[in-house]
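Q: Please work out how this folds:
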Amino acid sequence: MKSILAILILLFIVRCSKKEQIDENFTSKYWNLSITKNDSNLIEYENQALYFEKGIAYFYNKKIGNYSIIQDTLIIRDTSYYDKWMIVNGIRSSAKVDVNFYKFIKDDSLYKVTYTYLIGKILKANNDSLIIKKIEGYGIPFKYKEQYEFYNDTSQYDVNIDLDTIEFSSSLCYGNCPAIAIKIDKGLNYNYWGGEYADKQGCYSGKILESQFDQLEKMVRIANIEKNKSDYYPPVDAPYVELIIDYNNNKTKRFRGYLSDFPLRIANIGLKLSDLCKPSSINSYGCELNFEVELDIPEKRVSPPTPPPRLIE
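A: Purely as a prediction, here's the structure:
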């Protein structure tokens with residue numbers, strides 16, 4: 001009896017001490033940052049995504065650096081090579097910078113510069129949660145806390161959101177950015193206005209496929225629209241974007257600013273709508289379309305900033 005009890009105790013100890021298994025596919029998911037009320041430095045990054053694509057780690061739509069995983073350690077680090085002039089004049093970075101002399105060619109040399117953004121121990125990585133304990137961490141968001149918790153953003157999928165209409169507009173810029181406005185409703189109606197630099201100029205209407213509308217609705221359901229802020233930094237030399245989502249018969253959410261500053265899932269909606277600028281069947285409709293968006297549409301067009309004067313050669 002004593003031997004059986006000892007075996008059971010040993011099995012319990014082994015089970016409790018077993019390391020958390022790391023799902024090797026965790027880099028294929030979007031991980032939203034979880035913070036507490038005490039994390040005042042990170043409050044604006046709550047629910048923003050950490051994700052990995054083609055060997056590069058991103059956070060809040062911004063590149064952090066190249067990443068690698070060695071056993072249970074996540075390393076985000078970049079390497080560059082500079083001549084002596086660059087080294088002497090100083091290198092500015094939010095990362096930890098290490099500089100070493102590097103023999104490049106027989107009669108020439110460069111300096112190898114390593115930027116370390118994060119060295120972290122992966123405490124947990126499964127389908128739902130990602131927990132990283134910082135060993136070294138620099139820059140946003142890794143300089144503020146010792147441990148970071150993320151959740152799989154697909155858990156935010158809200159089946160109770162029923163998309164009614166969605167509108168998108170994008171303004172001019174200093175270059176050749178097209179001015180457009182698009183409106184799509186659940187009746188599959190597609191209204192389009194193209195201004196300067198647009199592939200199609202003027203007003204058009206037509207129909208989209210039901211599968212296209214369903215895809216847009218799924219993108220809205222996963223975008224956590226109700227918990228994300230509406231206004232983002234206006235761009236200096238890029239299109240200003242407005243996105244209006246009407247849903248559940250009486251609710252509306254608006255997003256304004258630079259599309260690349262939108263949360264990733266919301267930015268993806270804007271990109272998808274941009275791709276729908278050329279439906280297979282649209283007909284000229286005149287210029288009596290009704291939009292709610294106020295950027296670059298007939299009668300309400302917002303002029304872009306005045307370009308700087310050209311130098312006379």
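Q: any idea how far Gly90 lies from Lys96?
A: Between Gly90 and Lys96 the distance is 15 Å, computed by Cβ to Cβ, to the nearest Å. Using the backbone N, CA and C atoms, a C-beta is placed for each residue, glycine as well.
Q: Which one's more surrounded, these two?
A: Lys96 (16 against 7; other Cβ atoms under 10 Å).
Q: give the contact list for that one.
A: 115-117, 136, 138 (Cβ atoms under 8 Å, 6 or more residues apart in numbering).
Q: Tell me where the stretch 201-313 of the chain has strands.
A: 202-207, 241-247, 251-257, 282-284 (DSSP state E, counting those that start in this stretch).
Q: just the stretch 51-200 of the chain next, same as before
A: 56-59, 62-70, 73-82, 96-105, 108-125, 129-137, 147-152, 163-170, 180-185, 189-194.
Q: Now the longest one: buried residues?
A: By neighbour count on 16 or more other Cβ atoms under 10 Å, the buried set for strand 108-125 is 110-111, 113, 115-120, 122-125.
Q: Disregarding residues adjacent in the polypeptide, which is nearest to Asp72?
A: The shortest distance from Asp72 to any non-neighbouring residue, by Cβ to Cβ, 6 or more residues apart in numbering, is to Ile122 (4.9 Å).
Q: tell me which residues form a beta bridge with the one you found?
A: Per DSSP bridges, the residues bridged to Ile122 are Ile132.
Q: picking up where we left off before, which of the buried residues of strand 108-125 lies closest to Tyr204?
A: Tyr117 (46.2 Å; Cβ to Cβ).
Q: which residue packs closest to the closest one, ignoring adjacent ones?
A: Ile76 (4.3 Å).
Q: try Ile22
A: That would be Ala125: by Cβ to Cβ, 6+ apart, it lies 4.5 Å from Ile22.
Q: So that neighbour sits against Asn25, correct?
A: No: in this structure, Ala125 is not within contact of Asn25 by Cβ atoms under 8 Å, at 9.0 Å.
Q: For the protein, which helix or strand comes out least confident on mean pLDDT?
A: Using mean pLDDT, DSSP states H and E, the weakest-scoring helix or strand in the chain turns out to be helix 2-17, at a mean of 49.
Q: That one: what's the following helix or strand?
A: strand 31-34 (DSSP states H and E).
Q: That next one pairs with which strands, and in what direction?
A: Using DSSP bridges, the strands paired with strand 31-34 are strand 49-53 (antiparallel), strand 147-152 (antiparallel).
Q: which other residues reach the longest one?
A: Applying Cβ under 8 Å, 6+ apart, the set of residues contacting strand 147-152 from outside is 29-34, 50, 120, 123, 127-134, 141-142.
Q: and the contacts of Lys96, which two are the farthest apart?
A: Longest span within these, Cβ to Cβ: Tyr115 and Glu136, 11.8 Å.
Q: Not including adjacent chain positions, what is the nearest residue to Ile161?
A: Arg221 (4.9 Å).
Q: which residue sits closest to the residue nearest the centre of the chain, ignoring its sequence neighbours?
A: Residue closest to the mean C-alpha point of the chain, counted by Cα atoms, centre = their mean, is Leu264 at 2.8 Å. Nearest non-adjacent residue to Leu264, counting by Cβ to Cβ, 6+ apart: Ala49, 4.7 Å away.
Q: pLDDT score assigned to that neighbour?
A: With respect to pLDDT, Ala49 scores 92.
Q: any idea how far Ala223 is from it?
A: 11 Å.
Q: Tell me how many other residues surround Thr79.
A: 12.
Q: Just list whatever residues bridge to it.
A: Beta-bridge partners, per DSSP bridges, of Thr79: Thr114.
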